[in-house]
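Asker: quick check, what structure comes out for this input:
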Amino acid sequence: MAFKPRYAQPFSLSDAISLDLPVITEEIARLQHSLQKLRETQDVLREYIEESKEHDPEIMKAVKENEVVIGSQEERIEMLKIALRDKGVSYHEHYNLSSATSQPNSTTAPHSAPQTIEPEADEEGGIHL
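Answerer: Numbers count the residues shown, from 1 in each chain. Below is the predicted model of the structure:
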């Protein structure tokens, strides 16, 4: 397997492959959440830069640093996806990763219909499930 990272990573591909499946999927989910927040921050910073008459060098530096972090985290996700494939797990973006690793509940009948839980509103306008 020839994978050469472009960014410094806290683990190698062989380290990723040696991780347990739940650890890999949880790390992918964590990194995806982090990337979402970083991209939101980048949007805010870029909007500020566009609207500002003065270009603050610290903000420009933060945008550049965030780009490196984003690239590194995207690469790390790719490494973890390779580790999943190595373990014979097919990764699909639209699937919830944690559901792929959860064990079926042994007390649930295999063909039982899903239960619907109706939320109840309280007097303060909140909802109780």
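
Asker: in the helix or strand Leu31 falls within, what counts as buried?
Answerer: In the assignment (DSSP states H and E), Leu31 maps to helix 21-51. Burial within helix 21-51, assessed by neighbour count using 16 or more other C-beta atoms under 10 Å, is assigned to 24-28, 31, 35, 42, 45. All C-beta atoms are positioned from the backbone trio N, CA, C, and that covers glycine.

Asker: what's that helix packed up against?
Answerer: With contacts defined as 3 or more C-beta pairs under 8 Å, 6 or more residues apart in numbering; DSSP states H and E, the packing partners of helix 21-51 are helix 57-86, helix 97-101.

Asker: rank those by mean pLDDT and give me the bottom one.
Answerer: Mean pLDDT values for these show the minimum at helix 97-101, a mean of 41.

Asker: can you redo the buried residues of helix 21-51 as JSON lines with distance to Gln9 and pLDDT?
Answerer: Output for the buried residues of helix 21-51, formatted as JSON lines (distance: C-beta to C-beta, whole Å; pLDDT from 0 to 100):
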{"residue": "Ile24", "distance to Gln9": "14", "pLDDT": "96"}
{"residue": "Thr25", "distance to Gln9": "18", "pLDDT": "95"}
{"residue": "Glu26", "distance to Gln9": "17", "pLDDT": "97"}
{"residue": "Glu27", "distance to Gln9": "12", "pLDDT": "97"}
{"residue": "Ile28", "distance to Gln9": "14", "pLDDT": "97"}
{"residue": "Leu31", "distance to Gln9": "11", "pLDDT": "98"}
{"residue": "Leu35", "distance to Gln9": "15", "pLDDT": "98"}
{"residue": "Gln42", "distance to Gln9": "21", "pLDDT": "97"}
{"residue": "Leu45", "distance to Gln9": "25", "pLDDT": "94"}
